[in-house]
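J.: Dropping the sequence and predicted coords here.
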Amino acid sequence: MTVDAHHHVWDLSVRDQDWIPEGSPLRRDFTLGDLEPEARAAGVTRTVLVQTVTVPEETPEFLSLADTHDLIAGVVGWTDLTRPDVADELARLRSLPGGAALKGIRHQVQGEPDPEWLLRPDVRRGLTATADSGLVYDLVVRPHQLPACVRAARSVPRLTCVLDHLGKPPVASGRLEPWATDLRALAALPNTYCKLSGMVTEADPVSWTVDDLRPYVETALEAFGPDRLMFGSDWPVCTPAATYGQVLDATVRLLGPAERTQVLDTTATRVYDL
């Protein structure tokens, strides 16, 4: 039993993905119909569908998908955390068809020019509302934003924070610091978790090896422990560097037998209440 705690879908005829450059192999539709056979072949039985763009229409669409496809066990959506009525909006989303699948909220913090965006009073109010709603908050950040993640997670201790993609360490360069120190500081907080996802995207897309990923996975295992780590494919963003099956295989090879059940199933099931 394997849970994929992080993947996306998009249809360019419905909405542009303006973060994808022209000429990229990602500039095409990637649908649940594309994903499902790959996931099933890899032994994945449940997934968490994660937001891609900061528009209010996407989350209801994802909830509707979850309502009609049993592969999707949870959705991490988007809403404007800074809106004064954010608590009411979260309640509205949960009342929609498929609303029970809403498990978390995410904002593209990695694109915010302010490295301390998470610490703004209006954002902190939104994070508190997320915690009060019983939802998880996914952190998609770059390494220089990790210190702000630590302060934000500490300031709202009732909020479960899940770090996406290990905080995007510089795998292609082989450097560990200061990422490793900042990751350990985040892991020192009991309300934080981390996804083993997005690693091949940060590595050399042509020549990466499992050994290139190993120091980053070992650092995360030492910091969080397997009971606070979960697997995510980051499909289809991973596809220029690896197939779905290759991403899962690499993750399995980097885990010991005693760690696999927790990272591949138990942690995500518990944290996202799947």
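T.: Cool, got the structure. All of these numbers come straight from a predicted model, not from anything done at the bench.

J.: alpha carbons only for contacts and neighbour counts from here, please
T.: Noted.

J.: Quick check, central residue of the protein?
T.: The C-alpha lying nearest the average C-alpha coordinate of the chain belongs to Asp164 (CA atoms, centre = their mean; 4.0 Å).

J.: mind listing what it touches?
T.: Asp138, Leu139, Val140, Val141, Cys194, Lys195, Leu196, Ser197, Gly198 (CA atoms under 8 Å, 6 or more residues apart in numbering).

J.: among those residues, which are in strands?
T.: Of the positions in those, Asp138, Leu139, Cys194, Lys195, Leu196 sit in strands, assigned by DSSP state E.

J.: Just name the closest of the contacts of Asp164 to Gly225, please.
T.: Comparing these against Gly225 with CA to CA places Cys194 closest, at 9.7 Å.

J.: How about the closest one: what's its closest non-neighbour residue?
T.: Leu163 (4.5 Å; CA to CA, 6 or more residues apart in numbering).

J.: Leu139 pairs with what?
T.: His107, Leu163 (DSSP bridges).

J.: which residues does it contact?
T.: Arg106, His107, Val109, Cys149, Cys161, Val162, Leu163, Asp164.

J.: 7 Å - rerun?
T.: By CA atoms under 7 Å, 6 or more residues apart in numbering, the residues touching Leu139 are Arg106, Cys161, Val162, Leu163, Asp164.

J.: I'd like these as JSON lines, with pLDDT and distance to Ser64 appended.
T.: Formatted as JSON lines, the contacts of Leu139 follow (pLDDT from 0 to 100; distance: CA to CA, whole Å):
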{"residue": "Arg106", "pLDDT": "98", "distance to Ser64": "18"}
{"residue": "Cys161", "pLDDT": "98", "distance to Ser64": "25"}
{"residue": "Val162", "pLDDT": "98", "distance to Ser64": "24"}
{"residue": "Leu163", "pLDDT": "98", "distance to Ser64": "25"}
{"residue": "Asp164", "pLDDT": "98", "distance to Ser64": "24"}
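
J.: Any chance of JSON lines for these, columns distance to Thr128?
T.: Putting the contacts of Leu139 into JSON lines (distance: CA to CA, whole Å) gives the following:
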{"residue": "Arg106", "distance to Thr128": "14"}
{"residue": "Cys161", "distance to Thr128": "12"}
{"residue": "Val162", "distance to Thr128": "15"}
{"residue": "Leu163", "distance to Thr128": "17"}
{"residue": "Asp164", "distance to Thr128": "20"}
